[in-house]
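Enquirer: Structure for the following, please:
(2 chains)
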Protein chains: 2
Amino acid sequence: MRYKITLSYDGASFCGWQSQPSGGSVQDAVEAAVQKLFGCKAAVVGSGRTDAGVHALAQVAHFDSEKVLPLKNVVGGLNAYLPDAVRVTEAECVDGTFDARKSVKKKTYMYIMYDGTVTPLLETRALKVDELDEVAMNRACAELVGTHDFATFKAAGSSAKTSVRTVFDAHVERKGRLYLFFITADGFLYNMVRIITAQLVKIGGGEEVDIKALMEKRDRTAAKETAPAKGLYLYRVEY
Amino acid sequence: MRYKITLSYDGASFCGWQSQPSGGSVQDAVEAAVQKLFGCKAAVVGSGRTDAGVHALAQVAHFDSEKVLPLKNVVGGLNAYLPDAVRVTEAECVDGTFDARKSVKKKTYMYIMYDGTVTPLLETRALKVDELDEVAMNRACAELVGTHDFATFKAAGSSAKTSVRTVFDAHVERKGRLYLFFITADGFLYNMVRIITAQLVKIGGGEEVDIKALMEKRDRTAAKETAPAKGLYLYRVEY
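Expert: Prediction:
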């Protein structure tokens, strides 16, 4: 039986999604819980990596098990074995053609910025900024939509074959003193959202940045900054 | 020199504000930081206690020190010695007539409820609820405003001489899937906000609760439930 699970986690507690020899990853935690619940080892395949400190509201993963359990027990049982910082929110049975990584059609990330007093309640959850001009940020976001070569916004160490991606939507919503940047694409390059966010913060702060011209350079050195991981959330994965 | 400081903290990391023989309180952490920065012991007096798990966006406290430091160094220095879960956001010099506890004129608490997917990102920060009727909740809130005997909403163990308090404002704001309950008063009884919140959640969920009749009973057994500490925030203290 192939199970598809949806997960939420607080990235501050982990070294990222991807399994590490030293442990401490979300994947390690989930694989350990699956082994305890189903009584056998199983590889848990995520929709993609999230870096250390990056949160997930809805990461998706799959694993196979010969043992069949009611879906309610899969959710409850995994949560009983998982650390508090990871929760399984949903479980489904899927056929063997479903692959949490390869079947992805769209992914959405959210980046949270806030303009307010320093507080430990947001310190690991959002980026503190000064007041931003969300109209200017949304003008820049509009330039990102479409199929483009995003090499400018790709960190070194990416193993992606091509840096062409299709962005379906990108926009900033201001909610009081919070600024939420949403971006939906068929896939993301290494650190792509965080590199774009760093440019958006500059634009929102009044700097003249031509994001289209940056993109056309196809050169990472044109956009050096990377916004911190702590403000980034894997928001939705669509299949 | 008397210093007035404003603090924000994540209550999940502490056994509450009030100093405990076993340590682990916010007050203990602040007193230790003051001792390190100023080189002498000083009692740090807070505007009031917050229970274990209760957060603060703006707790206020004072302490005296013979050594005088620039205010910027007070903020930076205390933060250097404090655990990450407490931040000093402001420091002021005040005269000796100011008392963080006795001079309080108004306090505001906020209680956060959310209707959404289970997520560890909100688990220690808010109360998960089903969809609530904020119009009904606001009708009940209106009954709380004014000078009343709040004995119904006072937990055992309170040392308050009188249970009469003046509520200046009480209202619920719905923001998407969040419900924020704000209440401002000249003072609060032990667990008062959490006991009122528990009734508001029932009212928002469609139960017929006459909050005015409950209040007039002046009897805690009429309102047994207490909402968990994790959703409660000390929001503002006014002098």
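Enquirer: hey, let's count contacts and neighbours off CA atoms from now on
Expert: Fine.
Enquirer: tell me which parts of chain A are close to chain B?
Expert: Applying C-alpha under 8 Å from any C-alpha of the partner chain, we find that chain A lies next to chain B at A:8-10, A:57, A:84-87, A:89, A:117-121.
Enquirer: As TSV, the residues you listed with pLDDT, secondary structure and neighbour count would be great.
Expert: Formatted as TSV, the entries for the residues of chain A next to chain B read as follows, by pLDDT from 0 to 100; DSSP: H, G, I helix; E, B strand; the rest coil; neighbours: other C-alpha atoms under 10 Å in any protein chain shown:
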residue	pLDDT	secondary structure	neighbour count
A:S8	97	strand	25
A:Y9	97	strand	27
A:D10	95	coil	25
A:L57	96	strand	24
A:D84	92	coil	15
A:A85	94	coil	17
A:V86	96	strand	24
A:R87	96	strand	27
A:T89	95	strand	18
A:T117	81	coil	14
A:V118	83	coil	17
A:T119	88	coil	22
A:P120	91	helix	22
A:L121	91	helix	21
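Enquirer: what's the least confident helix or strand in chain A, going by average pLDDT?
Expert: Taking mean pLDDT, DSSP states H and E as the measure, chain A has helix A:120-123 as its least confident helix or strand, at a mean of 91.
Enquirer: re earlier: quickly check the residues of chain A next to chain B for the two that are furthest apart.
Expert: Spanning the widest gap among the residues of chain A next to chain B are A:T89 and A:T117, at 32.2 Å by C-alpha to C-alpha.
Enquirer: which stretches of chain A form strands?
Expert: For chain A, the strands defined by DSSP state E occupy A:2-9, A:45-46, A:55-64, A:86-94, A:106-114, A:127-128, A:146-149, A:164-175, A:178-185, A:232-238.
Enquirer: winner for burial among these?
Expert: Sort the strands of chain A by mean neighbour count, taking mean count of other C-alpha atoms under 10 Å in any protein chain shown, and strand A:55-64 sits at the top with a mean of 24.
Enquirer: chain center to it: distance?
Expert: Relative to the chain's own centre, strand A:55-64 is displaced by 11 Å; criterion: C-alpha atoms, centre = their mean, to the nearest Å.
Enquirer: Stretch A:133-140 too?
Expert: Centre to centre, stretch against its chain (C-alpha atoms, centre = their mean), the figure for stretch A:133-140 is 22 Å.
Enquirer: Only alpha carbons, please: show that stretch as CSV.
Expert: Taking Å, rounded to 0.1, in the frame of the first residue of the first chain, the C-alpha atoms of stretch A:133-140 are listed here in CSV:
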residue,chain,number,x,y,z
ASP,A,133,5.9,49.6,-0.2
GLU,A,134,3.8,46.6,-1.3
VAL,A,135,2.7,48.3,-4.5
ALA,A,136,6.3,48.5,-5.7
MET,A,137,6.8,44.9,-4.6
ASN,A,138,3.8,43.7,-6.5
ARG,A,139,5.0,45.5,-9.7
ALA,A,140,8.2,43.5,-9.4
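Enquirer: outside of it, which residues touch it?
Expert: Around stretch A:133-140, the neighbours that count as contacts under C-alpha atoms under 8 Å, 6 or more residues apart in numbering or on different chains are A:170-174, A:179, A:200-201, A:203-206, A:210-212.
Enquirer: And the furthest pair within those?
Expert: Maximum pairwise distance among these (C-alpha to C-alpha): 22.9 Å, between A:R174 and A:K212.
Enquirer: still on that earlier bit, so which elements touch the least confident helix or strand of chain A?
Expert: strand B:2-9 (3 or more C-alpha pairs under 8 Å, 6 or more residues apart in numbering or on different chains; DSSP states H and E).
Enquirer: Parallel or antiparallel, which strands does the strand it packs on pair with?
Expert: Paired with strand B:2-9 in the same sheet, following DSSP bridges, are strand B:55-64 (antiparallel), strand B:86-94 (antiparallel).
Enquirer: Contacts for the first one, please.
Expert: The one in question is strand B:55-64. With C-alpha under 8 Å, 6+ apart as the contact definition, strand B:55-64 has outside contacts at A:119, B:1-12, B:42-47, B:99-101, B:230-237.
Enquirer: Could you do stretch A:204-216 as well?
Expert: Contacts made with stretch A:204-216 from outside it, assessed by C-alpha under 8 Å, 6+ apart, are listed as A:130-134, A:136-137, A:140, A:143-144, A:149-153, A:199, A:202-203, A:222-223.
Enquirer: let's see 7 Å
Expert: Where contact means C-alpha atoms under 7 Å, 6 or more residues apart in numbering or on different chains, the residues beyond stretch A:204-216 that reach it are A:L132, A:D133, A:E134, A:A136, A:M137, A:A140, A:E143, A:F150, A:T152, A:I203, A:A222.
Enquirer: Tell me which residues of that stretch come out buried.
Expert: Neighbour counts using 16 or more other C-alpha atoms under 10 Å in any protein chain shown place A:G204, A:G205, A:I211, A:L214, A:M215 of stretch A:204-216 among the buried residues.
Enquirer: Please report the distance of the closest residue to A:A61 other than its chain neighbours from chain B.
Expert: Once flanking residues are discounted, A:A61 sits nearest to A:G46: 4.1 Å by C-alpha to C-alpha, 6 or more residues apart in numbering or on different chains. Using C-alpha to the nearest C-alpha, to the nearest Å, one obtains 18 Å as the distance from A:G46 to chain B.
Enquirer: do A:A222 as well
Expert: Here the distance between A:A222 and chain B works out to 34 Å (C-alpha to the nearest C-alpha).
Enquirer: pLDDT score for that residue?
Expert: In the predicted model, A:A222 carries a pLDDT score of 92.
Enquirer: What about it, how many residues nearby?
Expert: Counted with other C-alpha atoms under 10 Å in any protein chain shown, residues neighbouring A:A222 total 13.
Enquirer: what bridges to the residue nearest to A:T184 when sequence neighbours are not counted?
Expert: The shortest distance from A:T184 to any residue other than its chain neighbours is 4.2 Å, reached at A:T108 (C-alpha to C-alpha, 6+ apart). A:T108 has these beta-bridge partners by DSSP bridges: A:T184, A:R236.
Enquirer: tell me the contacts of A:T108?
Expert: Going by C-alpha under 7 Å, 6+ apart, A:T108 touches A:F182, A:I183, A:T184, A:A185, A:L234, A:Y235, A:R236, A:V237.
Enquirer: Hmm, A:A223 is touching A:T152, no?
Expert: Yes - in this structure A:A223 lies within contact range of A:T152 using C-alpha atoms under 7 Å: 6.4 Å.
Enquirer: Need the contact partners of stretch A:169-187.
Expert: Contacts made with stretch A:169-187 from outside it, assessed by C-alpha under 7 Å, 6+ apart, are listed as A:105-116, A:134, A:137-138, A:141-142, A:144-145, A:165-168.
Enquirer: er, stretch A:65-78 I mean
Expert: Taking contacts as C-alpha under 7 Å, 6+ apart, the residues outside stretch A:65-78 that touch it are A:M1, A:R2, A:A33, A:V34, A:L37, A:F38, A:V88, A:T89, A:E90, A:A91, A:E92.
Enquirer: Now with 8 Å, please.
Expert: A:1-3, A:30, A:33-34, A:37-38, A:40, A:42, A:88-93.
Enquirer: Which pair of the residues you listed spans the longest distance?
Expert: Spatially, the most separated pair among the contacts of stretch A:65-78 is A:C40 and A:T89, at 21.9 Å (C-alpha to C-alpha).
Enquirer: Tell me how many other residues crowd A:R125.
Expert: The number of residues near A:R125, taken as other C-alpha under 10 Å, comes to 24.
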